[in-house]
Structure formats: structure tokens, C-alpha cells
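1. Whatever this is, show me its structure:
(2 chains)
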Number of protein chains: 2
Amino acid sequence: MKPILIKDLLTSEPDARAVTVCGWVRTKRDSKNLVFIQVNDGSCFASIQLTFDRTNPAQGADANSIEESLKNINTGTSVRAEGALVQSPASGQAVEVIITKLTVLGLCPPETYPLQKKNMSMEYLRDNAHLRARTNTFGAVFRMRSQMAMALHTFFQERGFVYISAPEITCSDAEGAGEMFQVTTLSLEKIAELGIKAGAKGMDPAKAADLVDYSKDFFGKKANLTVSGQLEAETLATALSRVYTFGPTFRAENSNTPRHLSEFWMCEPEMAFFDLFDNMDLEEEFIKYLLNWALTKCADDMQFFEKRIQPGVIAQLQHVVDTPFKRISYTDAVKELEKYNDKFEFPISWGKELQTEHERYLTEQIFKSPVMVYNYPKDVKAFYMKQNDDGKTVRAVDVLVPGLGEITGGSEREEDYDKLLKVCEERGMDMKNYQWYLDLRRFGTVPHSGFGLGFARLLRYITGMANIRDVIPYPRAPKLADF
Amino acid sequence: MKPILIKDLLTSEPDARAVTVCGWVRTKRDSKNLVFIQVNDGSCFASIQLTFDRTNPAQGADANSIEESLKNINTGTSVRAEGALVQSPASGQAVEVIITKLTVLGLCPPETYPLQKKNMSMEYLRDNAHLRARTNTFGAVFRMRSQMAMALHTFFQERGFVYISAPEITCSDAEGAGEMFQVTTLSLEKIAELGIKAGAKGMDPAKAADLVDYSKDFFGKKANLTVSGQLEAETLATALSRVYTFGPTFRAENSNTPRHLSEFWMCEPEMAFFDLFDNMDLEEEFIKYLLNWALTKCADDMQFFEKRIQPGVIAQLQHVVDTPFKRISYTDAVKELEKYNDKFEFPISWGKELQTEHERYLTEQIFKSPVMVYNYPKDVKAFYMKQNDDGKTVRAVDVLVPGLGEITGGSEREEDYDKLLKVCEERGMDMKNYQWYLDLRRFGTVPHSGFGLGFARLLRYITGMANIRDVIPYPRAPKLADF
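-> Below is the predicted model:
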């Protein structure tokens, strides 16, 4: 019974052949003699028009049955229609279907259907996240999400990269990148009960930790959700040469903003024998590839984002695709920015991390182009980044684009065992968790580099959606884990 | 500095042009005059041979420097070599590199290198999972994993499916599919402390749960890791028509077997307007597509699995690709199996779930072909499966293949609101968690179907690896969450 997708029907020759359409009714216009029904199946932005002419029904049409069905058709009703695919006289659509049969599959009572309202807010739609993919906006967003995932895989596979799964559950302490979620099968209620019983016997509250026996937890020790797959990716890059992750990562940060999610997909490529500048070449090529894919292969959905979500978004993306990325050291970037310190909430000086306001000023005002800032002060960056000979900076790079700020961040990794060990010790890291990571520097170490792309951030940039919670089907954030 | 991948060098014309090779030394053979070094970069199964002829060094070769480097080269050493790509006189390799320059990038001390041993067991390599991708076996396995992921995406994208992310963290109770991991930011130690203090004041241990305040947990309620993205996938299929998930799922089952992981990737396609038989058509097409991709696009790695991991695996996969899948109802399958009940540990009769021994007997002995068993007794299947009119069975299907048993499982979903509600109530499910799922049946409900593929199970089948822990870089299982 499976029908042809509407996106395929809309690009078919209108040769009057018999077709079956299945989908959800967007609108019904019923004038005296003519009925027009717009049906959408989510396979593309456009709907297909079903036409029924009471004065001239198609040959073989069961007019009585069609009239019965029409009575039950509202916005949201699911239907199955059969008819002839013909050229449409209406403007804005190449084809339509002159129906011979119309079946209502599922009613949609207008009085209770949550998507019946006019001018639904994004908040309202988020509360109805199980239905919001039926709207123009979220259909377009989720199709784009799928397209960008496929673009990403295609880009890396074409270049000989191996797709790897980094573990989601980890017992490694991950470089203090953010607060972590604990994963456990211990019963919290049972721990409370143990506490009550021990307290009744006079146990010292300062010894409470003794009651939490991680040897009985599922993994035999304390476990968390990963904040990054990079360290594991390095182990595979130093065997398979070029790898990339693409999977969920987690932050338990209590940030209730339009830019933070607690669960989000990251793409983390890692390349053996790539130095920082090879890494930068790849980042530039990658970002251009993704945006160009969006502009050329998702033109209908981009038109919608341009018209209804963020006017100017197409030109903004096209500019990034067309413009060579400016490359500037952090030190030089700070010199440039210091000229405008009166414009910033947080004045910049050498040694400080760049804030979003600085990043955006660089790319939007000073250079008016995408910018790669590299060689950051070591103290504002992670322990694993390769140290420059100046003793002050590390081979990090952040890529900044107009309208967003940072889109990807990466570095060359420290491949020298002694230097890496020293940094770990300086930072007070617990080295027993990192022996495997240090091993990469003990056995056939190689120069290698990588970067990370936050997938939701990319989608927010491409679609122009204001809130990052609206570029993933079921967002997770503080106090938000519905569905 | 980035080199050409060895897989690209090996398929290049041996036209004596200058090339750079980077990788890890597999073997060095140093005879009186000739030195041969096999270098592998993981981009393909084969290594490339570097050749140095002491009696006749290549023009421009720095013989002294090369000799110095050679002293430091052992198995596992990382090198960078420059030279001319020429036709190889040796058998089994089309090209080799006559070196002019040889640089050791990273030493690999043979006395401590974990991969130096002969006949390393799979257990030993699992303990060294951070290095095992450098072996022939795990290089081949992880390249295959990547290829199968790309095959999966390509299959669905070519057919108009939208790739969706199902949430990893969920507060829905998920249909008792298995025990779940709890995700929390509450401090277990703090809960123990609260307990001790309350116990000191005489609190009743039976009220221990009062001390666990989920309103203060990150999501404001108890949260778990998902066991399946299917229910969320249904919400998107009933908007976008055809969708698929591909992401991690979790089971906290205490199963220490070669067939179970606690964290594993699942692919869950879900299709609106597909009935059970459309679903079966797609499953057959999908499985054949994946196996055919492995056989045709990964021939070198398959040859290795055939020779060294599981003799006969290629013929087994080819048989599945070439053979129409037999379709048989559960009722008829049980009739067939009952004839052989003396052969089974667990005799079968109508109403029981099929065990692996029954599944394998059906596909390997009785039909000697892949088999799809459909219309199972409702009591052995999940609540969401569409009920048949016989009142006894549901539209479930399991796909069985020789050498494995079940490879995918799916069903048509119950799209009737009243029937679904009744089943949920019969099963004592807490309906407040499922209002959103029931909504799909209240507003424009449609027939729809889907299935699930355990990605690690697929890989185990294709590679012939005995233990499922060896088809994912970092396996998670009871007491196992290293790296």
C-alpha cells in the first residue's frame, strides 16, 4: 500500500497517470463547484494539491464517497487519495492530482487539535514537540538536520575518514570541560535508607561517602556521560589515520539559555599527520562544504528560512562559502580588538579568552569575513593542546563566522610524552585515568590534530532559528526532559 | 605536511613520482643489502612497502640519515618517508616506494609495546583497546563499522528518509524493554549524609524515598538513558513520513555474555503508510543492501574475515543477498518446529516466544534461507504492536538469518486509539507518560510500521567476530567501562 512520496510526485511528469497520495491535510478550500485540498507528507516543503470538480468529476470518480470524506476533512486529517497526476493550472505548482477516490485515514478534531491555533509561539510548539514536525517550520528544520548529517558523513567518507563511535558512558574524568551527569544503577532510595539506618546507630555524617559503594554499581566504579569523544578519537586516529565521531555528548551545566543544550550531537574529526594548518585547511573546506550543501540541495527549505525565520540568512551563508577564511594569530587579533575596547562589555587584553562579542566583532566588523584565530594563550585552553616554542601559546584554532561567532574549535594535539605529562601534573590531573591517553605518546607517537563541531549550533546558524532547543526534536535542558 | 593515504597510494599508477608516506611500521626486514619496511596507516587493510637498496640507493637519497633512522625502527614505530612510487617486483603488491628520506616520528620501544607479543588473545587486546585498532583484525572491524554506517545512511537517504535524533535521556517509562540506567546530578554521597542525619533524629527507614528529592535533580524528575528511540521516531514519521534513527541506546541488564552490550547503537526506521508487508519488503531490501555493500565495497577486509576470523562468512552473506526471504506466520513456523521438538532444549508450542535455537533451526535447517516470521502471539510482544482481528496475534515480524538468528525485528504499530489505550490499561502502564504517544492516534492517525537493527549484532554477523565487545571501539558491559 505504500505511496509515492510527495516530493517525488512534485517532480514527476504530469502525464495523467494514476497515483496514490498519502499525507496530512494542510488546508481545504471548498467553493461551490471546486474543492482544493493541500496535502503534505513532510518529505518536502511543498504540499500537493488534490482537486475535485463537482461539475466535472474525473472519470471513474465516486463522487458520493468523495463528498462523504470531504465532510470529515480538516487541517491535520490524514488522507489517502487516488487520482491522475496532471499539470496544474494554478500558479506556484507544476502538478496536481485530479482525484477519483478519497479516503480519510484518521480524523483530526479541530476543537482539540493542538496545531489548529493561529500564530503559535515557539514555546507553545515546544510544549507540543510530538506534533510540531507537522508545521512548515519544524518540517524544514528537521529535514535540514538530516541533510546536514548526510553532508557531514559524505564529506568525511569521500576523504578516507573512518566513522567511529566514541563511548557515551565513561569513567574517565574528562578535562573539566563542564559538569557531568552521573550514570548509575545504584538505588538512591536505598542509599537514603542505608543512611537512616546508619544514622540511627550513630554514624558520623562526615563518613557518608562510605555508604555509597561504587564497587556495586553497574560498572564497578563511578560512571558519567561523556562530554567529548576526542580523547578516544585520538586513539583511533593514531591507528586508522583519519577518523570522525558523530554522536551525542552531554553537559550538566545549569544554563537556561537559547544557546545551550544538555544533550547535543557533536562531530569530532581527528587526523594523524595533520598539523594545525592542515587542520585549518580541513575546517575551512568542511564548513564551506556543509553550507554549500544546504544552499544547493535544500533550496526550498532555505527559501522558507529566508522568508520566515531570518531574512538575510542565505546571503550570510553564501558569503561564508565564497570568502577565503582570514587567518590571524590570537596575539594579532587581540591587537586589533584592543582598538575597539570602548565598544565591549568586557575589554580584551592578551591572556583573556575571547568572548562572543569579541569574536563577532572580529568577523563581522573588522574583517567582514570568516576568521580563524590561532595560537591561543595556553592558560585559556585545554591540557591536550600542542605547546608552541614560545612557552606561552598553544596550537589551538577557533573558527568564527559572521552572525554566530565560533562555529568550530580545534587544535594540534601535544604528541610529546614529557610535555604532555608535565602539563597534566601542573593542572593537578589524576594521571591514573590517563595512562591509555599517554600511551599514544609512548608508542609510535605522531603529530595529529582535530576539531569539534556542535551540530545544533551549525543548524541554528543555517536555519536562523533563535533558540537551539528548536533544532533538535526533543531538547534536553535544565528541568526539560519531556517526551 | 599531510600525506596521501596509503589506500590511495596503493591504487595509484607507479609512475615514479615523488610521494610521502606516513604510518606505523608493521615489519622491517633488513638483509645485507636490501631493507624492506611494511608501513600501515589504517586507511586500508594492506600496508605499503618501503624499499632501500644499500648497493643502489635512489638518486638523492641520504643514505647515512636513512641508516640512522633504521636503527630506531621497530614494529609500531611511526615514520614519515619520501620516495618514488614504482611498480613492485614482489608478488602481492602492485606498487612500492623507493625511499630517499626516512624520518622516525615516534619511537616504539619493543620491550614495553603492548602489541609486540605473538598470538595476542582477544581478551588481551580488549585490555589494550586504546591500541588494538592498530592490529589487522581491529583495523578491519572498525573500517567495516564505518562502511556499514555509511551504507545505512545511504540506503535511507536514497529512499527519501529523514535522519532524526531520538533523545538519549528520557523520563518516559519505556515499555519494560529492559533495566535502565539512571541519569542524575544529585549527589549520592549527599543523600547518604541526609540519611545519616535523619536517622540520628529517628526517621523511619521506610520513608527513605522522602529524602530523594527529584525536583532538585537536573531535569526536575527522575531521568534514565533510553532503551529505544522508537516511540519518538513514530512522532516524526507521522509528520515526515519516513524517518530513521541511528544512535546509542542502553540496557542496564546484568548480562555478561558475548552477545550483550550495555551501550550499543541501534537503527530504527519508522514509516507512515507502511503496513506489515511493506515493512517486510523494506527489511529484506535493507539487509541485502548492507551485506552486498560489505561484500562488494570492503572486499579486502572481508577476505581477512574469511581467512582469519570465520571461514565461510563470505558465502553465508552472499547466500542472504541472493536468496528471497521466506515468509511464514508464527503459527505455521511453530507447526514446523514442533516436528523437531526432541532436538530443542526448550520444546516449542504455540504461545511461547521463539528462542535462538528455534530461530536458527528454522533458518538453517528447515528452510535453509533467511526467514521472516510474522504475526506473533500478542502476549510475547510489545504493547504498541497492531492487533490482528483474530484477537490473539499482533503484526510483528522477526527476520532470521543463517548463522545468527534474529537480525532485525519490527511491527506494524497500533494506530487505533481505543485499541491502544485498552492494551496499555491491560498491561497496567502509567498512562500519564504516554499522552503524547496516544495523541498520534487522536490527530490524523495513520497506519505505520518500523523495525530495529542492532548495529553491533549486524557487525558481528558480517565480520564473524565471536564477541560483540570486539565490534565497537570501547565496549560497555557489567563492570566494564574502561577508557
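2. Could you use CA atoms for every contact and neighbour count after this?
-> Fine.
3. May I ask which helix or strand encompasses residue A:257?
-> Following DSSP states H and E, there is no helix or strand that holds residue A:257.
4. and it, how many residues sit next to it?
-> Number of residues near residue A:257 (other CA atoms under 10 Å in any protein chain shown) recorded here: 12.
5. How about residue A:90?
-> For residue A:90, using other CA under 10 Å, the count is 10.
6. Also residue A:53?
-> A count of nearby residues for residue A:53, using other CA under 10 Å, gives 16.
7. Surely it and residue A:33 touch.
-> Yes. With contact defined as CA atoms under 8 Å, residue A:53 counts as touching residue A:33 (5.9 Å).
8. For chain B, see how far away residue A:451 is.
-> In this view, residue A:451 and chain B are 16 Å apart by CA to the nearest CA, to the nearest Å.
9. again with residue A:426
-> Separation of residue A:426 from chain B (CA to the nearest CA) stands at 22 Å.
10. for that residue, what are its contacts?
-> By CA atoms under 8 Å, 6 or more residues apart in numbering or on different chains, residue A:426 lies in contact with nothing.
11. The residue nearest to residue A:131 when sequence neighbours are not counted in helix, strand or coil?
-> Residue nearest to residue A:131 in three dimensions, not counting chain neighbours: residue B:235, with 6.7 Å by CA to CA, 6 or more residues apart in numbering or on different chains. Classification of residue B:235 by DSSP: H, G, I helix; E, B strand; the rest coil places it in helix.
12. in the stretch 51-200 of chain A, which spans are strands?
-> Assigned by DSSP state E, counting those that start in this stretch, the strands in the stretch 51-200 of chain A fall at A:78-87, A:95-106, A:162-164, A:169-170, A:182-184.
13. do the same with the stretch 301-450 of chain A
-> Using DSSP E, counting those that start in this stretch, the strands of the stretch 301-450 of chain A run over residues A:326-329, A:371-377, A:393-401, A:405-412, A:448-454.
14. Other residues contacting the first one?
-> Spelled out, that is strand A:326-329. Looking at strand A:326-329 with CA under 8 Å, 6+ apart, the contacting residues turn out to be A:367, A:369-376.
15. I'd say residue A:452 and residue A:410 touch.
-> Yes. Applying CA under 8 Å as the test, residue A:452 and residue A:410 come out as touching, 6.1 Å apart.
16. Tell me if I'm right that the residue nearest to residue A:131 and residue A:134 touch.
-> No. With contact defined as CA under 8 Å, residue B:235 does not count as touching residue A:134 (9.5 Å).
17. Tell me the spacing between the nearest residue to residue A:79 once chain neighbours are set aside and residue A:359.
-> Residue nearest to residue A:79 in three dimensions, not counting chain neighbours: residue A:104, with 4.5 Å by CA to CA, 6+ apart. Residue A:104 sits 54 Å away from residue A:359, going by CA to CA, to the nearest Å.
18. what about the closest residue in space to residue A:204 that isn't next to it in sequence, distance to residue A:98?
-> Excluding the flanking residues, the one nearest residue A:204 by CA to CA, 6+ apart is residue B:196, at 7.5 Å. Residue B:196 sits 75 Å away from residue A:98, going by CA to CA.
19. of these two, who's got more company?
-> residue B:196 (32 against 27).
20. Spit out the contact partners of that one.
-> Contacts of residue B:196 (CA under 8 Å, 6+ apart): A:192, A:194-200, A:202-205, A:208.
21. Please tell me I have it right and residue A:4 contacts residue A:21.
-> Yes. The criterion here is CA under 8 Å, and residue A:4 meets it with residue A:21 at 6.8 Å.
22. neighbour-wise, which of these two wins?
-> With neighbours defined as other CA under 10 Å, residue A:4 and residue A:21 compare such that residue A:21 has more, 25 against 12.
23. Just to be sure, that one is in a strand?
-> Yes. Assessed by three-state DSSP, residue A:21 belongs to a strand.
24. Count the residues that sit near the closest residue to it other than its chain neighbours.
-> Closest residue to residue A:21 apart from its sequence neighbours, by CA to CA, 6+ apart: residue A:81 at 5.1 Å. Applying other CA under 10 Å, we find 21 residues neighbouring residue A:81.
25. is residue A:81 in a bridge, and if so with what?
-> Assessed by DSSP bridges, residue A:81 has beta-bridge partners residue A:21, residue A:102.
26. for chain A, what spans make up the helices?
-> A:6-9, A:63-71, A:122-127, A:136-158, A:188-200, A:230-240, A:276-297, A:299-304, A:313-322, A:330-338, A:356-360, A:417-426, A:435-442, A:455-463 (DSSP state H).
27. Just put those in JSON lines and tack on mean pLDDT.
-> Shown next, in JSON lines, are the helices of chain A (pLDDT from 0 to 100):
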{"stretch": "helix A:6-9", "mean pLDDT": "97"}
{"stretch": "helix A:63-71", "mean pLDDT": "97"}
{"stretch": "helix A:122-127", "mean pLDDT": "96"}
{"stretch": "helix A:136-158", "mean pLDDT": "98"}
{"stretch": "helix A:188-200", "mean pLDDT": "97"}
{"stretch": "helix A:230-240", "mean pLDDT": "97"}
{"stretch": "helix A:276-297", "mean pLDDT": "98"}
{"stretch": "helix A:299-304", "mean pLDDT": "97"}
{"stretch": "helix A:313-322", "mean pLDDT": "98"}
{"stretch": "helix A:330-338", "mean pLDDT": "98"}
{"stretch": "helix A:356-360", "mean pLDDT": "97"}
{"stretch": "helix A:417-426", "mean pLDDT": "95"}
{"stretch": "helix A:435-442", "mean pLDDT": "96"}
{"stretch": "helix A:455-463", "mean pLDDT": "98"}
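28. Nearest to residue B:417, out of the ones you listed?
-> Of all the helices of chain A, helix A:63-71 sits nearest to residue B:417, with 20.0 Å by CA to CA.
29. so does that closest one get close to chain B?
-> No. Using CA under 8 Å from any CA of the partner chain, helix A:63-71 stays clear of chain B, coming no nearer than 13.6 Å.
30. Now that helix - C-alpha only, CSV.
-> Extracted in CSV, the C-alpha atoms of helix A:63-71 (Å, rounded to 0.1, in the frame of the first residue of the first chain):
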residue,chain,number,x,y,z
ALA,A,63,-18.5,11.4,-6.2
ASN,A,64,-20.7,10.4,-3.3
SER,A,65,-17.9,8.7,-1.4
ILE,A,66,-15.7,11.7,-2.0
GLU,A,67,-18.4,14.0,-0.7
GLU,A,68,-18.7,11.9,2.4
SER,A,69,-14.9,12.0,3.0
LEU,A,70,-14.9,15.8,2.5
LYS,A,71,-17.2,16.3,5.4
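31. Show me which positions of it end up buried.
-> If you call a residue buried by 16 or more other CA atoms under 10 Å in any protein chain shown, then helix A:63-71 has these buried ones: A:63, A:66, A:69-70.
32. which among those gets closest to residue B:138?
-> Distance to residue B:138, by CA to CA, is smallest for residue A:69 among the buried residues of helix A:63-71, at 59.0 Å.
33. right, and that closest one touches residue A:103 too?
-> Yes. Counting by CA under 8 Å, residue A:69 does reach residue A:103; the two are 6.3 Å apart.
34. Domain parsing of chain A, as residue ranges.
-> A:6-106, A:136-184+A:222-470 (the TED database).
35. okay, how far is it across the longest one, tip to tip?
-> Terminal residues of domain A:136-184+A:222-470 are spaced 13 Å apart (CA to CA).
36. Same check on the shortest one?
-> The first and last residues of domain A:6-106 sit 19 Å apart, counting by CA to CA.
37. From the chain's centroid, how far away is that domain?
-> Distance of domain A:6-106 from the chain centroid (CA atoms, centre = their mean, to the nearest Å) equals 35 Å.
38. hmm, back to that, of the contacts of strand A:326-329, grab the buried ones for PyMOL.
-> In PyMOL syntax, the buried subset of these is picked out as below (16+ other CA under 10 Å):
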select buried, chain A and resi 369+370+371+372+373+374+375+376
